[in-house]
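Peer 1: The sequence and its predicted three-dimensional model are supplied below.
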Amino acid sequence: GAVVSQHPSWVICKSGTSVKIECRSLDFQATTMFWYRQFPKQSLMLMATSNEGSKATYEQGVEKDKFLINHASLTLSTLTVTSAHPEDSSFYICSAGSYGYTFGSGTRLTVV
Amino acid sequence: QQQVKQSPQSLIVQKGGISIINCAYENTAFDYFPWYQQFPGKGPALLIAIRPDVSEKKEGRFTISFNKSAKQFSLHIMDSQPGDSATYFCAASRDNYGQNFVFGPGTRLSVLP
């Protein structure tokens, strides 16, 4: 149980375009999901908390207009990187469920 | 106060040896402390976790030791295997449901055959 599916696993996009990343809880309902960002050989940094049916809560320093989060259902949260630039290239990971059980497999975003 | 410190940054251990990774925190409001294992290109996977009311927890070859007064906790991997080679993160939860985590900077473990 407690499976989180993240899609796509990797994506390459051109600078200036937008990219959507999906995070799904497959066998449980998640009123809250979390989005993390991880640079190479670095730790995970929390970007935002996604709340079903309401606005996401962003961590200090994270641009809410650049990283759009939508949590329209109890099983799906999406992160859209808008007008992506090379500095947005990173590994994005979502998590859901209590007590740290489940992280998604991550999405490697490369902006060229 | 929201930081979790972790050491060493990297660790090399011979097969069969004991791997020890240490973490420290400042915020006494943290109440759930998990350890994660991450392989390259993958999301972190929960290994073992502990709450502050317990001083030690063991699951198979993995043991967490917790020192509440010192605000420190450590991961011991007994009989380390090459398949244990990965990056390990300690973390601390800052909410009541073990969801919202602050992560340590990570330790890259290499177990030599």
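Peer 2: Now that the structure is in, tell me what you want to look at. Numbering: from 1, shown residues only, chains lettered A, B, ... in the order given.
Peer 1: For chain B, name the helix or strand with the lowest mean pLDDT.
Peer 2: Sorting the helices and strands of chain B by mean pLDDT, DSSP states H and E puts strand B:101-103 at the bottom, at a mean of 88.
Peer 1: is chain A contacted by that strand?
Peer 2: Yes - under the criterion of C-beta under 8 Å from any C-beta of the partner chain, chain A is reached by strand B:101-103 at B:101-103. Placement of C-beta: from N, CA and C, glycine included.
Peer 1: May I have the residues that are in contact with residue 44?
Peer 2: You didn't pick a chain, so chain A it is. Under the criterion of C-beta atoms under 8 Å, 6 or more residues apart in numbering or on different chains, the contact list for residue A:44 reads A:36-38, A:93, B:44, B:89, B:101, B:103.
Peer 1: that's the other chain; I wanted chain B
Peer 2: A:44, A:93, A:103, B:36-38, B:89.
Peer 1: for the residues of strand B:101-103 next to chain A, which one is nearest chain A?
Peer 2: Set against chain A, the nearest of the residues of strand B:101-103 next to chain A by C-beta to the nearest C-beta is residue B:103 (4.6 Å).
Peer 1: And that closest one, how far from residue A:41?
Peer 2: Summarising the geometry, the distance separating residue B:103 from residue A:41, computed by C-beta to C-beta, to the nearest Å, is 13 Å.
Peer 1: what about the spatially closest residue to residue A:90 that is not a sequence neighbour, helix or strand, and which?
Peer 2: The shortest distance from residue A:90 to any residue other than its chain neighbours is 5.1 Å, reached at residue A:37 (C-beta to C-beta, 6 or more residues apart in numbering or on different chains). With elements taken from DSSP states H and E, the one containing residue A:37 is strand A:32-38.
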